[in-house]
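[1] Build me a model from this:
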Amino acid sequence: MVLFSEMFASELFGGPVVDRVQENIGRVKDIIITLGESFPRVTGLLITTGEEKKEDKVLLIGEIDLIGRQFVSTRTTKDRVPLTSLREGEVLLSRDVMDQQVVDLDGARVIRVNDLQLAKVDQDVRLIAADVGVKGMLRRLGMEKLASWLVGRFGKSIPEQLIGWDHVQDLSGGKIAIPTRSISNLHPADVAQIISQVQAEQKTAIFSALSEKTAAEALHELEPMIGAVLISTLDTKKSLGVLEKMPIDEAADIIGDVPVEKAEELLRLMRPRKSAEIRKLLKHRDETAGGLMTTEFIALQQNMTVEQVINYLRETAPEAETIYYLYVVDESGRLVGILSMRKMIIMPPEKPISEIMLTDFITVRPEMNQKEVADVISKYNLLAVPVVDPENKILGIVTVDDVMDLILPPTSKRKRQMLG
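    Have a look, this model is predicted:
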């Protein structure tokens, strides 16, 4: 059983390796771990041996008697220590983990590994935490004690910033595979935040491994241009699966930013109804009510009763945002009234909706500027506003969610291609 006290990986690198009678064997170059557990097990040390002709050899953990900050010692004498070669696929802490990007699952953020904490767990030496703070970087530079002394003279201290390795996922894209199961369990906004922080190839790796449902929800939180790039990296089958799970207006935002040939391919392969609705939206210029609206809304005939409406809603099971309000139309499809869910559910079942609908309502035209639409929704305290044509036929609705981004500083402008 190896003797070991808690320490950081950087405290081992470069340290001497000696045998049981203190004869020099080499120096520690790196630390080998085995993946597959929440806290990876250290299986050996990569050491540099020889004086003139230096070689990198593996010293297995079973041949080590002591791992300390001053030196590492073996169980037997130098001539009896079996050294092996590094095998392909083995993971090294310095080479493959340090300075790499990892995801802090608790904080849903991407951080960089400055050092790694090792500890004895039962009979094994294991990787237990990542040091992502300034202290870890100073330790690696050999300046931790000096910096702590200087800060201490002002009554301060350098805080530890450790994240337990069971709350970390690697994004190095190197020897360590990218696990996404835990990332998939995060809120879509957190998934999107992680994707937005990593490099391009890592964006693709994470997004490709997500389920269609999670990918669709995460795309809603990303800029359409980024979403378009990510969709383009998927095979056609999965791209369609993701887009089919998105609301029509959000899918239109994405498709409008992919290359024209790819957009046409996706539209041809989609369900005809959804494809037709997306094409309608893509005809409207961006930054207008028509560009913001969704065509997913509930239209009711004015001769229906409260009970009939409720039964209809049970059958169709619409998305939440589409039933902020219910829109009442006449035989020609012209908007004649708006019905609030709140008012309807307290009415008798036999009550005609024409008697309880609001006939004095606000509408906007599809060409209205998006800022003006946002002002209308804000001024009249609306959850959604209908978009109508000159004949007052309803084309779609703009919800408060659609204009919320106008209140926040945009990181980029949506530029959607015009498709016929």
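
[2] Helix or strand: which one has the residue most central in space within the chain?
    The chain has V191 as the residue nearest its centroid, 1.9 Å off, counting by Cα atoms, centre = their mean. Assigned by DSSP states H and E, V191 belongs to helix 188-197.

[3] Buried residues of that helix, list them for me.
    188, 190-195, 197 (16 or more other Cβ atoms under 10 Å). All C-beta spots, glycine's among them, are computed from the backbone N, C-alpha and C.

[4] Same list (those residues) but as TSV, adding pLDDT and distance to S85.
    Below are these laid out as TSV (pLDDT from 0 to 100; distance: Cβ to Cβ, whole Å):
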residue	pLDDT	distance to S85
P188	80	45
D190	78	42
V191	81	40
A192	84	43
Q193	80	42
I194	78	37
I195	82	38
Q197	73	38
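
[5] out of these, which one sits closest to G89?
    Relative to G89, the closest of the buried residues of helix 188-197 is I194; by Cβ to Cβ it sits at 26.2 Å.

[6] Tell me how far that closest one lies from H187.
    In this view, I194 and H187 are 11 Å apart by Cβ to Cβ, to the nearest Å.

[7] ok, which pair from the buried residues of helix 188-197 is furthest apart?
    Between any two of these (Cβ to Cβ), the greatest distance is 15.1 Å, for P188 and Q197.

[8] Count residues in the vicinity of E11, would you?
    Per other Cβ atoms under 10 Å, the neighbour tally for E11 reads 17.

[9] and what of V102?
    Neighbours around V102, by other Cβ under 10 Å: 22.

[10] How confident was the prediction at it?
    Predicted confidence (pLDDT) for V102: 70.

[11] Which segments of this protein make up each domain?
    Residue ranges for the domains of the chain, per automatic domain parsing: 3-131, 184-282, 299-407.

[12] Any chance of TSV for those domains, columns distance to L150?
    Listed next are the domains of the chain as TSV, based on distance: least, Cβ to Cβ, whole Å:
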stretch	distance to L150
domain 3-131	19
domain 184-282	32
domain 299-407	45
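
[13] who wins for proximity to T288 among those domains?
    Across the domains of the chain, closest to T288 is domain 299-407 (Cβ to Cβ), at 5.6 Å.

[14] what bits of the stretch 201-350 of the chain have low per-residue confidence?
    317-322 (pLDDT under 70).

[15] next one: the stretch 1-150 of the chain
    For the stretch 1-150 of the chain, the ranges with pLDDT under 70 are 103-109.

[16] What segments of it are helices?
    Secondary structure of the stretch 1-150 of the chain (DSSP state H, counting those that start in this stretch): helices at 134-140, 144-152.

[17] what residues does the first one touch?
    This points to helix 134-140. 8, 10-11, 113-115, 131, 144, 147, 158-161 (Cβ atoms under 8 Å, 6 or more residues apart in numbering).
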